[in-house]
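1. task: produce atomic coordinates for the following.
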Amino acid sequence: MSLAYAMIGGGPGAMIGDAHRLAARAAGWTLVAGAFSSDPAKSRQQAEAQGLPPERGYADWRALIADAAALGLDVIVIATPNHLHAAPAIAALNAGLHVVCDKPLATSRAEAEAIAAAAARAGKQVGVTYTYAGFTALRHAAKRVAEGAIGTLRLVQAEYFQDWLTTRLEDSGLSLAAWRMDPARSGPAGATADLGTHLWQLVSMLTGVEPEAVSADLSAQVAGRALDDTGLVRLRYAGGARGQIAVTQAAACGGGGLRLSIMGDRGGLSWSLDAPFQLKQLGVGKADAPVIVPDDDPYAGIKGPPPGFLAAFAAVYRGFAEAIEAGAPVYPGIAEGVSGMAFIEAALASARADGAWVNL
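-> Numbering: from 1, shown residues only. Model prediction:
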């Protein structure tokens, strides 16, 4: 299904904006306009860079949404800092448009629920770009777990490590770092929101269930930061299983990586962004064994840093379009967006209470 979309955010130099546009293009979407920047000159510049007339580069997202019918828009894509997610998302839904939004969905659970309410009133969809959900190997892992490949869930281990904020890069003038460590723009959490919500969504997708409670230790390892750059969050499941999510953006880790293991009483599965097209079966008393992952992804040939990231992004966009066409709920969607905010708030509450268990 070909969809006409406009983008809010993603101006010159915005890496994630380029990723959205490449993924959308690969999935057959058409960019027709954007409020790419609040700086009129930069917004016009980005419009021209995308082959659009300069007047299609709006300086105000409100004006863009007001022109939605004239532009023939189906979807608004939001690729801005977190504090600029809720207002344009709600306005777009109220204007009868579908929405695709970066994660986390908002800066609070209340904002996320307000977006959900607007979507329900409008009868429109909200897709949340938890990009790793698009990896074929992870979708296959979720299917195998649902079919009973690991037996009863026992342990979940998920980690996402980066080291680009090991020093106070936010003081260098780099906007990408500055807004992530600014509570006014990022919201109340740092690495836990930026990386931890990815892991929360993935472990929920792979296990098919969400934990009933969390216990968190969140910290700023770099002095003077108002938000966490490191977090350890324990997970407790209703059936007795346990788990842990570990994130950092401030510890030397060779550039970083994302790794997941889902283990049960009969077997387990592991995946790593270091080898994103592979899945390993964990046996009782046996070495890891490779799992044949079906090569059913038409975007498998799209390669970008990290490996497979753009292919996964395109697969997510394709899934959004297919769900919209079918009138079915998109995935990852509004439920996953609200769940991510519930996770953040529960982790923050636990950390403030010195790691006390907080129910979700």
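2. for the helix or strand containing residue 206, list the C-alpha coordinates in PDB.
-> Element membership of residue 206, judged by DSSP states H and E, is helix 197-207. The C-alpha trace of helix 197-207 is given here as PDB (Å, rounded to 0.1, in the frame of the first residue of the first chain):
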ATOM      1  CA  THR A 197      12.300   0.800  26.000                       C
ATOM      2  CA  HIS A 198      13.700  -1.000  23.000                       C
ATOM      3  CA  LEU A 199      14.600  -3.900  25.200                       C
ATOM      4  CA  TRP A 200      11.200  -3.800  27.000                       C
ATOM      5  CA  GLN A 201       9.400  -4.000  23.700                       C
ATOM      6  CA  LEU A 202      11.600  -6.800  22.400                       C
ATOM      7  CA  VAL A 203      11.400  -9.100  25.500                       C
ATOM      8  CA  SER A 204       7.600  -8.600  25.500                       C
ATOM      9  CA  MET A 205       7.400  -9.500  21.800                       C
ATOM     10  CA  LEU A 206       9.600 -12.600  22.200                       C
ATOM     11  CA  THR A 207       8.100 -13.900  25.400                       C
END
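3. now the element after that helix, going C-ward?
-> Using DSSP H and E, the helix or strand that follows helix 197-207 in sequence is strand 213-219.
4. was I right to think residue 161 contacts residue 250?
-> No: in this structure, residue 161 is not within contact of residue 250 by C-beta atoms under 8 Å, at 9.8 Å. C-beta here means a position set from N, CA and C on the backbone, and glycine is covered the same way.
5. more neighbours, those two?
-> For residue 161 versus residue 250, neighbours defined as other C-beta atoms under 10 Å are more numerous around residue 250 (24 against 21).
6. ok, and the closest non-adjacent residue to that one?
-> The spatial neighbour of residue 250 that comes closest, neighbours along the chain excluded (C-beta to C-beta, 6 or more residues apart in numbering), is residue 229 at 3.8 Å.
7. contacting residues for the one you found?
-> Shown in contact with residue 229 (C-beta atoms under 8 Å, 6 or more residues apart in numbering): 165, 181, 190-191, 219-222, 248-250.
8. picking that back up, buried stuff in the helix holding residue 206?
-> 197-207 (16 or more other C-beta atoms under 10 Å).
9. circling back to that earlier point, among the contacts of residue 229, which ones are buried?
-> By neighbour count, with 16+ other C-beta under 10 Å, the contacts of residue 229 hold 165, 181, 190-191, 219-220, 222, 248-250 as buried.
10. mind checking how far stretch 142-152 is from the chain centre?
-> 24 Å (C-alpha atoms, centre = their mean, to the nearest Å).
11. which outside residues touch that stretch?
-> 153, 205-208, 239, 241, 262-269, 281, 291.
12. kindly report the same for stretch 353-360.
-> When contacts are defined by C-beta under 8 Å, 6+ apart, stretch 353-360 is touched by residues 210-217, 236, 342-343, 346-347, 349-350.
13. what's the farthest-apart pair in the residues you listed?
-> 210 and 217 (20.3 Å; C-beta to C-beta).
14. could you find the closest non-adjacent residue to residue 96?
-> Here the residue nearest residue 96, using C-beta to C-beta, 6+ apart, is residue 122, at 6.2 Å.
15. nearest to residue 72 among the contacts of stretch 353-360?
-> residue 342 (36.0 Å).
16. how about the helix or strand of the chain with the lowest mean pLDDT: buried residues?
-> None of the helices or strands of the chain scores lower by mean pLDDT, DSSP states H and E than strand 289-291, at a mean of 86. For strand 289-291, a neighbour-count test (16+ other C-beta under 10 Å) marks residue 291 as buried.
17. that older thread, how near is the residue nearest to residue 250 to residue 200?
-> In this view, residue 229 and residue 200 are 18 Å apart by C-beta to C-beta, to the nearest Å.
18. run the chain-centre distance for the next helix or strand after the least confident helix or strand of the chain.
-> Following strand 289-291 in sequence order, the next helix or strand is helix 309-326 (DSSP H and E). Taking C-alpha atoms, centre = their mean, one finds helix 309-326 lying 13 Å from the centre of the chain it belongs to.
19. so what does helix 309-326 touch, helix or strand wise?
-> Applying 3 or more C-beta pairs under 8 Å, 6 or more residues apart in numbering; DSSP states H and E, one finds that helix 309-326 contacts helix 15-26, strand 98-101, strand 126-128.
20. looking at the ones you listed, which has the lowest confidence?
-> Here these differ in mean pLDDT, and the lowest is helix 15-26 at a mean of 92.
21. the chain: strands as residue ranges?
-> Remark: strands assigned in the chain by DSSP state E are 4-9, 30-35, 75-79, 98-101, 126-128, 153-161, 213-219, 230-236, 242-248, 257-264, 268-272, 279-282, 289-291, 358-359.
22. deepest in the core, which of those is it.
-> Ranked by mean neighbour count, these are led by strand 126-128 with a mean of 29 (mean count of other C-beta atoms under 10 Å).
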